[in-house]
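In: Return a 3D structure for these sequence lines:
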Amino acid sequence: MLTRTLVGHLKICDGSILWADEDAHTLLDYPSGALTDMPFDDVLPPASANEMKLPARGAVDGRRVVLRARHGHTIMADLRGERMDDHCVLWSFTPTARGVRGERLDLLSRHDALTRLPNRVPSAEELNPAPVRNGDGERLLAVCYLDLDRFRDINESFGPVGGDAVLREVARRLKAAVPNDASVARVGGDEFALLLFVNDAAHSEALLEQILARLAHPFRLQDRSTRLRTSVGVSLMRQGEQPTEVMLQQAQHAVFFAKRAGGSQVHFFDAGLAHEEQQEQQIRERIQAGLANHEFLLAYQPKVDMLCGRVIGFEALVRWQHPERGLLQPSAFVPMIEDHELVEQLGDWAIGEAVRQAADWLAAGVKTSVSVNISPRHLLRPDFIERLGFHLGRFPQLHAGVLELEILETTAIKDFGAVADFIGACKALGVPVVMDDFGTGYSSLTYLRRLPVTALKLDQSFVRGMLEDPEDEAIIRGILVMARGFGRKTIAEGVESVAHGNALLALGCTLGQGYGIAKPLPAAEVPAWIAAFEQAPPWGRAAGC
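Out: Residues are numbered from 1 along each chain as shown. Below you'll find the model as predicted:
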C-alpha cells in the first residue's frame, strides 16, 4: 500500500521558525519541537532564500531546492512560500521525486490509496477563482475539517476491513454530497477536509447540515448496520486571505471545541477564542515546567478542637513560587488545568509531598494529620488508588489516618457510584475522606447516608455570615443535627474571629478552621505554632478534655 508523501510546513517570523509541523520535523530529522525558535537560515541557506524572491503578498514556488537537515545532511525538495496577513511566511516543502517513475509515484502519493481522494487540501493558487454572486461581491471560502466521532468503535466492532469499508463509503458520500466546485480530501485516519465556496456562514452551515445528513444514514456491514457521528470545524474567509493550509489548521482547532462540547456538531473558528486557548496552553506548559523545576509548595492551615484547645490536623494548600510573579494562590493557576491531566499530576504531587512532610514532622516529634483536596478529575483516575498506596508505602512509620482526602459535595452528587467506590477503596488503605463545602450542593439525605465519609466541612460562606444572618445560623444548626444523626464529625471553615468560634461552640460545633485561628503556614513554622496554640488557646480549654 502506498503511503502518503510527507509535506512539511514551517511558519517563519523575523527570520526564526515560529512553528513547525510533525512532517517538517520528520523530513529534516529533528525531534518533535526542536525546530521551534531555530533560525530559518539553518534550514534554507540565505542564497537560496534570496533566489525565491517572495513578494509582499502572494506566493512563490521553487523546484529542487536544497534544504539543510539535521547533522549536516541535505534534502532536495520542492518549496513553496506564502506571505501571511501577520507578515510571517508559511513555507511548505515536499521531497523531490526523480525520473519518470518518480513522477508517477509522486502523482499517486498525492492521493489516499484507500479512498482515492487527495490527501491534502489544494492551495489557493490551485483553486479556480471563486464564483461571484450576482451584484453582491465575491463568495467566501469555507475550509472544513471533519472528524468521525468514536471511529475506534467501528474498528473494534467490525475489524479493520469493516473500518476501511466505512471510510470508502464516507468518501463516496462526501463526493456525492458536495457542489461541483468543492474539493474533498482525506487528511488523516478518520479525518476528511472539504473546501466549499459559500455566500456566508449561514450558507456554509446549511451545506454542512445536508452533508452530515448523508453521513448519518446507516452503514450496512456484515449484515449489521452502524451509524456515524461527525464533528466539524470550519474556517471561513475570503479566498486568498489566508493560505488554505493555515485555514485547515484553524478548522482543525475549531473541531476540538466541537468535540469538547459533546461532538456531532459544527464549530466555526474564532480567532479570539483560539488566542485565549493558545494563552491557556502556554500557561499549562509553564505549570508543567514548574512541576519539573520544583516550584510548587504546600502551605498548611490548622484545624483545631476549639473546645479542648488542641490541634487536630492541617489542610495542605498548594502554592506556586513563580520565579517572576512571586507566590501565587491556587486561583491564579488551578482554573487553567481543572479539565486537564495536569490537575491530576499536581494532585498526585500534593499527596506525595503531604505524606513526606507528615513523616518529617513525626521524626521531629510532631504527630498530626494532613488533608489534601482532590479534584473531581483526579479522583476518577483509574490508577488513583494504586498511586495512593505507593505514596503511603514510602513511609510505613505513619499511622492510619495521618492522611485525609477532601472531596467536593458537588462531585459526590454528580458521580455518586464512582465516589462511593473511591471512598471505600481509600478507607481500605486507612485514608479517611471528608466532604468539603458541605451545604452548597443540596445533597439528599439518602446520598449522605450511603457515602461513608468521615466528616463534613461546613461551607465557609455560612460560617462567616452566621453572626449577622439568622438564616446562615439556621442552616448550620440543621447540618449539625443531621451530621450527629448520621454519626459524622463536622468541621467549620471560615472561623474568622473568636466570636465566630464562640457562636459555633454554642451550637455544639467544636472543630474549626479559618483565619481567626491561623492563616496557612510554611511547613517549618508548624511545630512552633502547635506548641504556642495549645499553650494558650483562644477559647480556653474545657474541663474533661
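In: burial count for residue 498?
Out: 13 (other Cβ atoms under 10 Å). For the C-beta atoms, the positions are set from N, CA and C on the backbone; glycine is no exception.
In: for residue 139, same thing?
Out: If we define neighbours as other Cβ under 10 Å, then residue 139 has 19 of them.
In: Okay, buried residues for the one helix or strand residue 392 maps to please.
Out: Using DSSP states H and E, residue 392 falls within helix 384-393. Neighbour counts over helix 384-393 (16 or more other Cβ atoms under 10 Å) mark 384, 385, 387, 388, 391, 392 as buried.
In: any idea which helix or strand comes after it?
Out: As the chain continues past helix 384-393, the following element, by DSSP H and E, is strand 403-408.
In: Which residues does that next one contact?
Out: Contact partners of strand 403-408, identified using Cβ atoms under 8 Å, 6 or more residues apart in numbering, comprise 313, 315, 351, 354-355, 358, 369-374, 376, 379, 392, 419, 422, 426, 431-437, 441, 454, 457.
In: give me that answer again for 7 Å
Out: Contacts with strand 403-408, where a contact means Cβ atoms under 7 Å, 6 or more residues apart in numbering, come from 354-355, 358, 369-374, 376, 379, 392, 419, 426, 431-437, 457.
In: Please identify the pairing partners of that strand and their relative orientation?
Out: Paired neighbours of strand 403-408 in the sheet (DSSP bridges): strand 370-373 (parallel), strand 433-438 (parallel).
In: quick one, it and helix 384-393 angle?
Out: Counting by axes from the mean of the first three to the mean of the last three Cα atoms, to 10 degrees, strand 403-408 lies at 150 degrees to helix 384-393.
In: how many neighbours does residue 356 have?
Out: If we define neighbours as other Cβ under 10 Å, then residue 356 has 15 of them.
In: Quick check: which element contains it?
Out: helix 341-363.
In: Against which helices or strands is that helix packed?
Out: helix 271-292, strand 296-305, strand 310-322, strand 370-373, helix 376-379, helix 384-393, strand 403-408 (3 or more Cβ pairs under 7 Å, 6 or more residues apart in numbering; DSSP states H and E).
In: one more time with 10 Å, if that's ok
Out: Judged by 3 or more Cβ pairs under 10 Å, 6 or more residues apart in numbering; DSSP states H and E, helix 341-363 is in contact with helix 271-292, strand 296-305, strand 310-322, strand 370-373, helix 376-379, helix 384-393, strand 403-408, helix 526-535.
In: just checking, next helix/strand downstream of the lowest-mean-pLDDT helix or strand in the chain?
Out: Across the helices and strands of the chain, mean pLDDT, DSSP states H and E gives its lowest value to helix 99-109, namely a mean of 47. Using DSSP H and E, the helix or strand that directly follows helix 99-109 along the chain is strand 140-149.
In: average pLDDT across that following strand?
Out: Averaging pLDDT along strand 140-149 gives 93.
In: Need the CA coordinates for it. PDB is fine.
Out: The C-alpha coordinates for strand 140-149 follow below in PDB (Å, rounded to 0.1, in the frame of the first residue of the first chain):
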ATOM      1  CA  LEU A 140     -16.300  33.100   0.700                       C
ATOM      2  CA  LEU A 141     -14.100  30.000   1.100                       C
ATOM      3  CA  ALA A 142     -15.000  27.600   3.800                       C
ATOM      4  CA  VAL A 143     -12.300  25.100   4.800                       C
ATOM      5  CA  CYS A 144     -14.000  22.300   6.800                       C
ATOM      6  CA  TYR A 145     -12.300  19.700   9.000                       C
ATOM      7  CA  LEU A 146     -14.500  16.600   9.500                       C
ATOM      8  CA  ASP A 147     -13.600  14.200  12.400                       C
ATOM      9  CA  LEU A 148     -15.600  11.000  12.700                       C
ATOM     10  CA  ASP A 149     -16.600  10.600  16.400                       C
END
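In: after it, next one along is what?
Out: With DSSP H and E, the next secondary element past strand 140-149 is helix 151-177.
In: other SSEs contacting that next one?
Out: strand 140-149, strand 183-186, strand 191-198, helix 201-216, strand 219-221, strand 224-226, strand 229-238.
In: so where's the stretch 1-150 of the chain shaky on pLDDT?
Out: Flagging of the stretch 1-150 of the chain using pLDDT under 70 yields the residue ranges 1-5, 55-58, 85-86, 97-110, 125, 128-138.
In: excluding its backbone neighbours, what's nearest the most centrally placed residue in the chain?
Out: Geometric centre of the chain, nearest residue: residue 340, 3.3 Å, by Cα atoms, centre = their mean. If the residues on either side of it in the chain are set aside, residue 340 comes closest to residue 284, at 6.1 Å by Cβ to Cβ, 6 or more residues apart in numbering.
In: beta partners of the nearest residue to residue 175 once chain neighbours are set aside?
Out: Excluding the flanking residues, the one nearest residue 175 by Cβ to Cβ, 6+ apart is residue 184, at 5.5 Å. Residue 184 has these beta-bridge partners by DSSP bridges: residue 194.
In: who's in contact with residue 184?
Out: 115, 117-118, 121, 144, 146, 170-171, 173-178, 192-196, 211 (Cβ atoms under 10 Å, 6 or more residues apart in numbering).
In: before we move on, what about residue 451?
Out: With Cβ under 10 Å, 6+ apart, residue 451 has these contacts: 407, 409, 412-413, 416, 419-420, 422-424, 433, 435, 443, 486, 488.
In: which stretch in the strands paired with strand 403-408 has the least confidence?
Out: Among those, strand 433-438 carries the lowest mean pLDDT (a mean of 88).
In: can you give me the offset of that one from its chain's centre?
Out: On the basis of Cα atoms, centre = their mean, to the nearest Å, strand 433-438 sits 25 Å off its chain's mean C-alpha point.
In: go on, stretch 220-239?
Out: Mean-position distance between stretch 220-239 and its chain equals 24 Å (Cα atoms, centre = their mean).
In: And stretch 239-251, by the same measure?
Out: 25 Å.
In: Flag every buried residue along it.
Out: 239, 240, 242, 243, 244, 245, 246, 247, 248, 249, 250, 251.
In: from these, which ones fall inside helices?
Out: Judged by DSSP state H, those include 244, 245, 246, 247, 248, 249, 250, 251 as members of helices.
In: Of those residues, just say which sits nearest to residue 7.
Out: residue 245 (8.5 Å; Cβ to Cβ).
In: quick one: the closest one and residue 145 touch, right?
Out: No. Using Cβ atoms under 10 Å, residue 245 is not in contact with residue 145; the gap is 12.0 Å.
In: Report the set of residues contacting both of these two.
Out: Contacts common to residue 245 and residue 145, judged by Cβ under 10 Å, 6+ apart, are residue 121.
In: Might one say that residue 426 is in contact with residue 400?
Out: No. Contact between residue 426 and residue 400 fails when scored by Cβ under 10 Å: they sit 11.2 Å apart.
In: Run through the residues that contact residue 537.
Out: Contacts of residue 537 by Cβ under 10 Å, 6+ apart are 304, 305, 306, 307, 308, 309, 310, 311, 501, 517.
In: need those in JSON lines with pLDDT, neighbour count and distance to residue 160, can you?
Out: Output for those, formatted as JSON lines (pLDDT from 0 to 100; neighbours: other Cβ atoms under 10 Å; distance: Cβ to Cβ, whole Å):
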{"residue": "304", "pLDDT": "96", "neighbour count": "28", "distance to residue 160": "63"}
{"residue": "305", "pLDDT": "96", "neighbour count": "18", "distance to residue 160": "64"}
{"residue": "306", "pLDDT": "96", "neighbour count": "26", "distance to residue 160": "66"}
{"residue": "307", "pLDDT": "95", "neighbour count": "21", "distance to residue 160": "68"}
{"residue": "308", "pLDDT": "94", "neighbour count": "18", "distance to residue 160": "68"}
{"residue": "309", "pLDDT": "94", "neighbour count": "18", "distance to residue 160": "70"}
{"residue": "310", "pLDDT": "95", "neighbour count": "14", "distance to residue 160": "66"}
{"residue": "311", "pLDDT": "96", "neighbour count": "21", "distance to residue 160": "62"}
{"residue": "501", "pLDDT": "94", "neighbour count": "25", "distance to residue 160": "67"}
{"residue": "517", "pLDDT": "96", "neighbour count": "23", "distance to residue 160": "63"}
